[in-house]
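J.: fold the following, please.
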Amino acid sequence: MKIDVLLVPMSARWAEMRAAAVAAEEAGFDGIWTWDHLRDPDEASGPGVPEAWTILTALAEVTRRVFLGPLVLNVANRQPGLLANMAATLQAVSGGRLLLGLGAGGNRRTPYAREQEAMGASVERDEVRARRVVEAIELMRRLWSGHEGFLRPKPAPPIIVGGFGPRMAAIAGRYADGFNTRAMHPRLADLVKSASEEHAASGRGAVPFIMTVFAGLDERWLKPDSRARQSLERVGVDRLILLVSPPFDPAEIRAAGRLLG
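T.: Purely as a prediction, here's the structure:
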């Protein structure tokens, strides 16, 4: 199982994120992610939130080995045709290290709906937002094929769909290359099974499906022989993403890396 870190961007600063990413790579972590949010719902008057794609592009230049990914891009924030070219560009800049996380964005009941409203964007019903994820994947794959004259990523980055229920798990399996949800999800095994079965039925079974989950940075997730880690491996998790909040402590990240084994 690959072990990654996610640098929580709320109220974070670029210099801190850079230092944390460098420490994570040196410590032996396999990937670095960040969230795609534009404001901190808990700190309306705070310093703000660095934009995910810009941060990932900058991190591609200060790291050499780790994979990089957004967890996950709200498809409402970037037109899919533009995103296809952005992803192809970042895949080239990073030397093929992009894991492209996509999602439907928060619904009207989440605090993140406010950031959409602040930009003048409406927050649609769940089924509408889910359909837009499918449409975005299909368009990006078509543009990446090279037949439209768009930049073609080599290789095409895996698309990992984020979600918390059977609808998004099924979409991930049917159209994408991976699924992401909470490590402590009460129905994790069912979601993994659903996504895997849809992937097999899609006719793309020859392409590996990447099951990823996220949790807080905690010793029980770091040790390879821990029951928590083994429980994830039993249900078929491929990557575990551990959240680290600012202010980031590079020494703490390096210490966590020493437990990876």
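J.: break down the stretch 101-250 of the chain into its strands, ranges please.
T.: For the stretch 101-250 of the chain, the strands defined by DSSP state E, counting those that start in this stretch occupy 159-162, 178-182, 210-216, 239-244.
J.: now, of those strands, which is deepest in the fold?
T.: Burial of these is given as mean neighbour count (mean count of other C-beta atoms under 10 Å); strand 159-162 ranks first at a mean of 26. Bear in mind the C-beta positions are built from the backbone N, C-alpha and C, glycine included.
J.: on contacts alone, who are the packing partners of that one?
T.: strand 100-103, helix 126-144, helix 166-175, strand 178-182 (3 or more C-beta pairs under 8 Å, 6 or more residues apart in numbering; DSSP states H and E).
J.: hmm, residue 214 and residue 183 touching each other?
T.: Yes: with contact defined as C-beta atoms under 8 Å, residue 183 counts as touching residue 214 (6.2 Å).
J.: mutual contacts of these two, please.
T.: Taking C-beta atoms under 8 Å, 6 or more residues apart in numbering as the contact rule, residue 183 and residue 214 both touch residue 240.
J.: now the nearest residue to residue 119 once chain neighbours are set aside: how far from residue 78?
T.: Of all residues not flanking residue 119 in the chain, residue 38 sits nearest, at 7.4 Å (C-beta to C-beta, 6 or more residues apart in numbering). The gap separating residue 38 from residue 78 is 12 Å, by C-beta to C-beta, to the nearest Å.
J.: what's the answer for residue 234, then?
T.: Noted for residue 234: a distance of 36 Å to residue 78, by C-beta to C-beta.
J.: more neighbours, the two?
T.: More crowded of residue 234 and residue 78, by other C-beta atoms under 10 Å: residue 78, with 16 against 9.
J.: where does pLDDT dip in the stretch 1-150 of the chain?
T.: Where the stretch 1-150 of the chain drops to pLDDT under 70, the residues are 44-45.
J.: the same query, at a cut-off of 80, please.
T.: Of all residues in the stretch 1-150 of the chain, those with pLDDT under 80 make up the ranges 42-47, 111-113.
J.: check the stretch 151-261 of the chain too.
T.: Where the stretch 151-261 of the chain drops to pLDDT under 80, the residues are 205-206, 261.
J.: all helices for the chain, in order.
T.: Here the chain has its helices, by DSSP state H, at 14-27, 52-62, 80-94, 113-118, 126-144, 166-175, 188-201, 219-222, 227-235, 250-257.
J.: to residue 5, which of those lies closest?
T.: Residue 5 sits nearest to helix 14-27 of all the helices of the chain, at 4.9 Å, using C-beta to C-beta.
J.: and that closest one, how far out from the chain's middle?
T.: Between the centre of helix 14-27 and the centre of its chain there are 18 Å (C-alpha atoms, centre = their mean, to the nearest Å).
J.: ditto for stretch 82-100
T.: Averaging C-alpha positions (C-alpha atoms, centre = their mean) puts stretch 82-100 13 Å from its chain's average.
J.: for it, give me every contacting residue.
T.: Applying C-beta under 8 Å, 6+ apart, the contact partners of stretch 82-100 are 31, 33, 53, 56-57, 60-61, 66-70, 73, 75, 78, 136, 139-140, 143-144, 150-160, 178, 210.
J.: try stretch 139-146
T.: With C-beta under 8 Å, 6+ apart, stretch 139-146 has contacts from 80-81, 83-85, 87-88, 148, 150, 152-153, 156, 159.
J.: give me the buried subset of those.
T.: Buried subset of the contacts of stretch 139-146 (neighbour count, 16 or more other C-beta atoms under 10 Å): 80, 83, 84, 87, 88, 150, 152, 153, 156, 159.
J.: if you skip the residues just before and after it, what's nearest to the first one?
T.: Among residues not flanking residue 80 along the chain, residue 136 sits closest, at 3.9 Å (C-beta to C-beta, 6+ apart).
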